[in-house]
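Student: here's a sequence, model it:
(chains A and B)
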There are 2 protein chains.
Amino acid sequence: MLQIGLDAGGTSTRATVVTADGRCVGYAKGSGGNPISSGKERALASITTTIDRALEQAESSVHDVDVIVAAMAGSNADDRQGWLLEALAARGFSGRLGIDSDLLATYFSGAFSSFGYAIVSGTGAAVIRVENGQLAATSDGLGWLLGDAGSGFWIGHQVTLAALAHVDGRGPATALTPRLMDELGVAPGGTRSNGRPAELPRMIGALYAMRPVELAQFAPLAFAESEDAVARSILDQAGTLLAHSVDAVHTQPGPLVIGGSVLAQPGRLTTTFHDELAARGITPEISPVADGAVGSALLALREAGTNITGDLYHSVTDSLARLR
Amino acid sequence: MLQIGLDAGGTSTRATVVTADGRCVGYAKGSGGNPISSGKERALASITTTIDRALEQAESSVHDVDVIVAAMAGSNADDRQGWLLEALAARGFSGRLGIDSDLLATYFSGAFSSFGYAIVSGTGAAVIRVENGQLAATSDGLGWLLGDAGSGFWIGHQVTLAALAHVDGRGPATALTPRLMDELGVAPGGTRSNGRPAELPRMIGALYAMRPVELAQFAPLAFAESEDAVARSILDQAGTLLAHSVDAVHTQPGPLVIGGSVLAQPGRLTTTFHDELAARGITPEISPVADGAVGSALLALREAGTNITGDLYHSVTDSLARLR
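Tutor: Sure, this is the predicted structure:
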């Protein structure tokens, strides 16, 4: 029998078909598969299509699969199991469906030790501690309005606040302002109205027309202007906040797996992050990972009864690397 | 002929009927009259009903009115004039309709000098500088997502962030947490899930079910817990941010008119606000006002050709006080 690990994220879904001895024989990547961000219907369509394509590469069918583990963000795993299992059953799947945290899949994509940590900072930001191979503690991941400190949204939001404070005369001049105006398609100049620069209402209008979480798209402006004092301060604060979130769940030494775009690029933010960790006495072995594909496959193997060992981890990692 | 000043806010609308020599002869208060927060239809219904009731008290009709000035938040005054004038014309109004800033009405509710400042911190927060009786500069007022630093929303948002950081283990313990849980109807205790305290997903769920701006309702929790170190820090920061917004438009001494609930209550926040102003060399004569009714009536008189003087200001203020 085969197992499938599914890494269903907000922007992409990865399905990995693996044999019981840890050989990846099929892999496919599709669009967003998280029901919260994509909606149930689109998430389902993406998940089933991606599984079909991975099985096609494996020259197998869903009837050869006894376990699927879906790694997904969000806490109401029980709610999700119902609709997903139903849809998979309708396509002939008669095995077991497990739901796991996407952060646990990130962790096992970069580590096989039963104790350690994973941090993901993409649009959102969260940290977990893994004990006995299970998620033992989570820090942050509370979403754009209530948390996600140091995330892509957080940085993008700070970029807009800094640029608007500059235009509004409340904050220092920053190179982020022309960058943001450019992104928003707002030209400088024009007649002041209501005692405000002409650009300001146009920027405000363009920004409020977006969904708040879309402000994450302005995070790259801070990275692009890392010599600017205001941008540098934003990057420093983000690095410090992320280190603080690690510290909140840290109990004893263990590997730290790092996912998400924010910590993927070397520079000011990652340097601050590591310095702030070190200042707290945290100097872990670091494993950066691109996604949770390896981890989701390992979680599927574990669900099917296989222990996660170093050999299994390397077998899955190496065979998947050859597939993609 | 008579003039009408209309103070059309997000939660209430005030119509004041005034004679050319500054005697208020009719006054009424209705529900929210701002088209952005209430929707055009409900705003219109509130405005026309409130005007009708004020005219009834004045024993007059809209045919006796040659000028109406509506003081409203928002910058696209031109857009609003059309639909409002049309609705008033349909009811027999054939005079002139002026649109002015709600902050200017706040200013003239507490001052008559042609130079000075007004700050309003309610759900949102903004400061203006008045020159030659006109709005010359605005600071902040950029809305909950992009500004309103030190506003009721800002304070309420910080209250939720502090309580969630406490529950999440990222922040210090604070008395705001049980207060917020109480407001949200979330009971303490329960089984941890996904490495999180049971309360956390319930609090998050309740908070994301609200419109973000509704977080302003939690601002009173900070005032109620002003002995708590975390709450105190939030109040101090809010007072500092509001002083900073005043500083951003301050050029020379002038009276400062203060509106909105946040600065209406004596205590930690207002003390910090005044201290921070003084630290910037700003020690204005302060006039707190409850609303913009007097100012809107003065703006209507001015639109009809009467200069705003101390005598006119006192006449409108005193006669309106007798009416309500």
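Student: which helix of chain A spans the most residues?
Tutor: In chain A, taking DSSP state H as the definition, the longest helix is helix A:229-249.
Student: and after that one, which helix or strand comes next?
Tutor: Once helix A:229-249 ends, the next helix or strand along the chain (criterion: DSSP states H and E) is strand A:256-259.
Student: that following strand near chain B at all?
Tutor: No: Strand A:256-259 is not in contact with chain B by C-beta under 8 Å from any C-beta of the partner chain; minimum separation 15.4 Å. Just so you know, the C-beta spots here come from the backbone N, C-alpha and C atoms, and that holds for glycine as well.
Student: who does that strand touch, helix- and strand-wise?
Tutor: Secondary-structure packing of strand A:256-259 (3 or more C-beta pairs under 8 Å, 6 or more residues apart in numbering or on different chains; DSSP states H and E): helix A:102-110, strand A:116-121, strand A:286-288.
Student: the shortest one packs against which elements?
Tutor: Translated: strand A:286-288. In terms of contacts (3+ C-beta pairs under 8 Å, 6+ apart), strand A:286-288 is packed against strand A:256-259.
Student: enumerate the residues of the stretch 101-250 of chain A near chain B.
Tutor: Residues of the stretch 101-250 of chain A lying near chain B (C-beta under 8 Å from any C-beta): A:101, A:128-129, A:135-140, A:142-143, A:145-147, A:149, A:157, A:160-161, A:164-165, A:168-170, A:193-196, A:200-201, A:204, A:207-208, A:212, A:215, A:244-245, A:248-249.
Student: re earlier: closest to residue A:297 out of the helices and strands packed on strand A:256-259?
Tutor: Ranking the helices and strands packed on strand A:256-259 by proximity to residue A:297 (C-beta to C-beta) places helix A:102-110 first, at 8.6 Å.
Student: could you give the mean pLDDT of the longest helix of chain A?
Tutor: In this model, helix A:229-249 has a mean pLDDT of 98.
Student: against which helices or strands is it packed?
Tutor: Counting contacts by 3+ C-beta pairs under 8 Å, 6+ apart, helix A:229-249 packs against strand A:116-121, strand A:125-131, strand A:134-140, helix A:152-168, helix A:219-224, helix A:268-279.
Student: most packed of the ones you listed?
Tutor: Ranked by mean neighbour count under mean count of other C-beta atoms under 10 Å in any protein chain shown, the helices and strands packed on helix A:229-249 are led by strand A:116-121, which reaches a mean of 28.
Student: returning to that earlier point: let me have the helices and strands packed on strand A:256-259 in a markdown table, adding mean pLDDT as columns.
Tutor: Shown next, in a markdown table, are those (pLDDT from 0 to 100):
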| stretch | mean pLDDT |
| --- | --- |
| helix A:102-110 | 97 |
| strand A:116-121 | 97 |
| strand A:286-288 | 96 |
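Student: dump the ones you listed to CSV, plus distance to residue B:93.
Tutor: What follows is those, written out as CSV (distance: least, C-beta to C-beta, whole Å):
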stretch, distance to residue B:93
helix A:102-110, 60
strand A:116-121, 57
strand A:286-288, 68
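Student: domain ranges for chain A?
Tutor: Under the assignment automatic domain parsing, the domains of chain A span A:2-113+A:290-323, A:114-254.
Student: to what extent is residue A:232 buried, counted in neighbours?
Tutor: The number of residues packed near residue A:232 is 16, by other C-beta atoms under 10 Å in any protein chain shown.
Student: which secondary structure state is assigned to the closest residue to residue A:165 other than its chain neighbours?
Tutor: In space, and not counting its chain neighbours, residue A:165 is closest to residue A:171: 2.9 Å by C-beta to C-beta, 6 or more residues apart in numbering or on different chains. Classification of residue A:171 by DSSP: H, G, I helix; E, B strand; the rest coil places it in coil.
Student: on that earlier part again, what angle sits between the longest helix of chain A and helix A:268-279?
Tutor: Here the directions of helix A:229-249 and helix A:268-279 differ by 40 degrees (axes from the mean of the first three to the mean of the last three C-alpha atoms, to 10 degrees).
Student: kindly export helix A:229-249 (C-alpha atoms) in PDB.
Tutor: The C-alpha atoms that make up helix A:229-249 are tabulated as PDB, following Å, rounded to 0.1, in the frame of the first residue of the first chain:
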ATOM      1  CA  ALA A 229      16.500  54.000   8.700                       C
ATOM      2  CA  VAL A 230      12.700  53.500   9.000                       C
ATOM      3  CA  ALA A 231      12.800  50.200   7.000                       C
ATOM      4  CA  ARG A 232      15.700  49.000   9.000                       C
ATOM      5  CA  SER A 233      13.800  49.600  12.200                       C
ATOM      6  CA  ILE A 234      10.800  47.600  10.900                       C
ATOM      7  CA  LEU A 235      13.100  44.700   9.900                       C
ATOM      8  CA  ASP A 236      14.800  44.800  13.300                       C
ATOM      9  CA  GLN A 237      11.500  44.900  15.200                       C
ATOM     10  CA  ALA A 238      10.200  41.900  13.100                       C
ATOM     11  CA  GLY A 239      13.300  39.900  13.800                       C
ATOM     12  CA  THR A 240      13.000  40.700  17.500                       C
ATOM     13  CA  LEU A 241       9.300  39.800  17.600                       C
ATOM     14  CA  LEU A 242      10.000  36.400  15.900                       C
ATOM     15  CA  ALA A 243      12.800  35.600  18.300                       C
ATOM     16  CA  HIS A 244      10.500  36.500  21.200                       C
ATOM     17  CA  SER A 245       7.800  34.100  19.800                       C
ATOM     18  CA  VAL A 246      10.500  31.300  19.700                       C
ATOM     19  CA  ASP A 247      11.500  32.200  23.300                       C
ATOM     20  CA  ALA A 248       7.900  31.900  24.500                       C
ATOM     21  CA  VAL A 249       7.800  28.200  23.700                       C
END
